[in-house]
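# Got a sequence here, can you build the structure:
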Amino acid sequence: MPAFIESRERLINDVKAVLAGTEDLLEAVGTESKEKIEGVRPRLEAAILRARGRVTELEAQVEARARQAARDADAYAHENPWKTAGVAAALGAIIGVLLARR
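Sure, this is the predicted structure:
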């Protein structure tokens with residue numbers, strides 16, 4: 001499994017843990033004692049910290065992939081300037097036709 005998908009899965013699990021902890025905390029606020037609330041809080045804080053870490057990790061991976069894609073596109077454009085110009089012209093014409101239809 002690619003690291004990107006694995007990180008996304010871990011983030012989803014962490015967000016679910018945060019939501020479950022939040023639900024427990026809300027339930028405890030309404031019906032339980034201060035001790036019960038204080039017992040839920042550290043678990044919820046830990047889940048939030050894990051989720052933040054995963055978001056930061058996922059963000060770094062997405063940024064790295066975007067930078068690599070930009071480098072690859074730049075390299076391709078330099079290696080195939082006429083193809084790139086042709087594709088850009090075709091896309092421009094298609095967008096122009098679509099906008100003119102409005």
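# in the lowest-mean-pLDDT helix or strand in the chain, what's buried?
For the chain, counting by mean pLDDT, DSSP states H and E, helix 3-31 ranks last in confidence among helices and strands (a mean of 73). For helix 3-31, the neighbour count (16 or more other C-beta atoms under 10 Å) marks 7, 10-11, 14-15, 17-18, 21, 24-25, 28 as buried. C-betas here are computed from N, CA, C, even on glycine.
# As TSV, those with distance to Ala88 would be great.
Supplementary listing: the buried residues of helix 3-31 in TSV, determined by distance: C-beta to C-beta, whole Å:
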residue	distance to Ala88
Ser7	34
Arg10	39
Leu11	36
Asp14	41
Val15	40
Ala17	46
Val18	44
Gly21	50
Asp24	54
Leu25	53
Ala28	59
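# element containing Gly86?
Element membership for Gly86, per DSSP states H and E: helix 81-101.
# what packs against that helix?
Counting contacts by 3 or more C-beta pairs under 8 Å, 6 or more residues apart in numbering; DSSP states H and E, helix 81-101 packs against no other helix or strand.
# what's the average pLDDT for it?
On average, the pLDDT along helix 81-101 is 92.
# mind listing what's buried in that helix?
Buried residues in helix 81-101 (16+ other C-beta under 10 Å): none.
# what residues does that helix touch?
Contact partners of helix 81-101, identified using C-beta atoms under 8 Å, 6 or more residues apart in numbering, comprise 76-77.
# Swap in 7 Å and give it another go.
Under the contact criterion C-beta atoms under 7 Å, 6 or more residues apart in numbering, helix 81-101 has outside partners Ala77.
# Please list all residues in contact with Ala51.
Ala51 neighbours (C-beta under 7 Å, 6+ apart): 11, 14-15, 18.
# Roughly how far does it sit from Thr84?
41 Å (C-beta to C-beta, to the nearest Å).
# ok, now Gly21?
Using C-beta to C-beta, Gly21 is found at 50 Å from Thr84.
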